[in-house]
Structure formats: structure tokens, C-alpha cells
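Engineer: The following comprises the amino acid sequence and a computationally predicted model.
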Amino acid sequence: MENKGVVYFNKKISDAIYHLRIKVQKSFFALPGQFINIRVSDDFIPLLRRPFSIFNYKKGFVDVVYKVIGDGTKKLSEKKKGDTLYFLGPAGNSYIDFLSETNISDKKIFLVAGGTGFVSIRFFAKWLFLKKINFKLFYGATNKNELLTSFFKNYNAKISTDDGSAGSKGLITDFLKKETDKDTIIFACGPQGMLKSIQNLNAFKKFASFEAYMGCAIGVCLSCVIKIKNNDDFNYVRVCKEGTVFDLDDVIF
């Protein structure tokens, strides 16, 4: 179902990164891991909507944080306060679906954000914090210009950059590996290379939200499929409908 909202603010917060807040109906509700699919142009050029992980939700408002990387996000960055936006969603499942299925009483919960994956991870971190559920946060990026550490200031995050320009130097998965054991539950979002590295860790459970190109975001076009194990074979599943969050042990890269 298409929803309508109004731009509350759309501000640049870093190099090519924007924070958009949309005023929505008070009946709107979202959970960490879900996304919305925004029509970025009034003239349908580009034709396809753009999917964005939900960064925050509070009654009457939904936030996304996005990076300008093409014509679609460039058009979105030009939206001003008071402009009308049409979008689908919230869509997809949630990290919480997997949290509720797992006995966490004697487990460590690690959240791992890589690059733009910090968007949905930060929403989940806020949800856990408000529920008084303990967790440790790992956040990595290529360099300091891609880090938005101010959004994690309350969560004592372990920070790393590939070039050492902020935090520790190295891949965030290198630091994650040192602390992960069989009593750890990992929730992650980020580049597929990072997720593949996490898949190989010896942890109790590993879950990840996948970022994917989407044509329709309603499960019809099949442009966002990934491979999931099925006994000795595999199935294709849709990130927009069966995801965005999957058990990493089931994923075939």
C-alpha cells in the first residue's frame, strides 16, 4: 500500500550523506530491519522507487539516512521541508523476529555495522537500549568521512576504519573475531564481504539484514533475490519479502 508523507527536514550531515525525516500518519509503525521504498521524483524520472532502511521511527515520523550515489538519491536530496513524498512500506521483517526466537538469557549480543549498514543497526541499538537489553556495538567504515559516530555516542561502540583515520585501523570484523565465541549472537548489516566474514565466525547465531537493489520492493520483479540453502540444493528468496533479515548460516554467497 502506498503511503504519503511530508518532508519535515532533509539535511546534509556529512559528505554526500543526508538525514531525511518524513511526517507520516500516526498509524504508521516500523521495527528495526524494515525499509521504505520512496518515489524520489514527481515526474517518474527515474521511474523506479528507491529502497531505504529505516533509521528511526517515533509516532508520526519516520527517518532515513542515505548517501547520494546516483540520480535517484540526488533528486531525493533536493526535497525541501513541506514537500510531499509517496512511499511503500514499512516492508520486510525485523531483527526482533529473530531475537524473539532465540534464548538470549545467557548469551552476548553483538551488533555490527559496516558502511551504510549503520542505518538499520542504529535503529536496533536504540530499540535494545530502550528495552534495557545489553549489547556491544561494532562499527566500521573505509575512512573517517564515512563514519557518523555521533549517532552512536550513547552505545560505547568499537570503531574502526580501513585506513586508520578514525578509531582503530583495520576491518571491523578483525576486532569482532577477537571477542566472538560460541555464546555470541551477532546481528549485522553492511557490505556482503563483511557479512561473508561474519558467516565464518564461530558464534551461537548470526543474523544479517541485506541491502539489495530493488525494482518493485513488493516481491514481483525478483531483482533482489539471494541464495538460501535447501538441504543439498538452494532456493532463491526475495530480500524485500522474505528478508531483509536472514540467518547467515543459511545464506550462499
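Structural biologist: Arrived safely.

Engineer: So this structure: which segments form each domain?
Structural biologist: Taking automatic domain parsing as the reference, the chain has its domains at 2-91, 95-252.

Engineer: what's the offset of the last one from the middle of its chain?
Structural biologist: Spelled out, it's domain 95-252. Relative to the chain's own centre, domain 95-252 is displaced by 8 Å; criterion: CA atoms, centre = their mean, to the nearest Å.

Engineer: ok, how many other residues are close to residue 124?
Structural biologist: 25 (other CB atoms under 10 Å). The way it works is simple: take the backbone N, C-alpha and C, and place the C-beta from them, glycine included.

Engineer: For the helix or strand hosting it, buried residues please.
Structural biologist: When elements are defined using DSSP states H and E, residue 124 is found to belong to helix 118-130. By 16 or more other CB atoms under 10 Å, the buried positions in helix 118-130 come out as 118-128.

Engineer: Then stretch 30-43?
Structural biologist: For stretch 30-43, a neighbour-count test (16+ other CB under 10 Å) marks 30-41 as buried.

Engineer: So which of those are in strands?
Structural biologist: By the criterion of DSSP state E, membership of the buried residues of stretch 30-43 in strands covers 35-39.

Engineer: Going by distance to residue 216, which of those residues wins?
Structural biologist: Of all those, the one sitting nearest residue 216 is residue 37; the distance, using CB to CB, is 8.2 Å.

Engineer: Bridged to the closest one, which residues?
Structural biologist: Counting by DSSP bridges, residue 37 is bridged to residue 51, residue 88.

Engineer: That one is in contact with residue 215, isn't it?
Structural biologist: No: contact criterion CB atoms under 8 Å: residue 37 and residue 215 do not qualify, at 9.9 Å.

Engineer: Now the most centrally placed residue in the chain. Nearest residue, chain neighbours left out?
Structural biologist: Nearest to the mean C-alpha position of the chain, counting by CA atoms, centre = their mean, stands residue 120 at 3.2 Å. Spatial nearest neighbour of residue 120, chain neighbours left out: residue 53 (4.1 Å); criterion: CB to CB, 6 or more residues apart in numbering.

Engineer: immediately after the host helix or strand of residue 198, which helix or strand?
Structural biologist: Secondary structure assigned from DSSP H and E places residue 198 in helix 192-199. Heading C-terminal from helix 192-199, the first helix or strand you meet, by DSSP H and E, is strand 205-209.

Engineer: what does that following strand contact?
Structural biologist: Under the criterion CB atoms under 8 Å, 6 or more residues apart in numbering, residues 33, 53, 95, 98, 102, 117, 120, 185-189, 195, 198-199, 243-249, 251 lie in contact with strand 205-209.

Engineer: rerun at 7 Å
Structural biologist: With contact meaning CB atoms under 7 Å, 6 or more residues apart in numbering, strand 205-209 is reached by 33, 95, 98, 102, 120, 185-189, 195, 198-199, 244-249.

Engineer: For the longest strand that the chain contains, buried residues please.
Structural biologist: Scanning the chain for the longest strand, with DSSP E as the assignment, gives strand 2-14. Within strand 2-14, the residues that qualify as buried by neighbour count (16+ other CB under 10 Å) are 3, 5, 7-8, 10.

Engineer: As CSV, those residues with pLDDT would be great.
Structural biologist: Compiled in CSV, the buried residues of strand 2-14 are given as follows (pLDDT from 0 to 100):
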residue, pLDDT
3, 93
5, 97
7, 98
8, 98
10, 98
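
Engineer: List the residues that contact residue 197.
Structural biologist: Contacts of residue 197 were listed using CB under 7 Å, 6+ apart, and they are residue 173.
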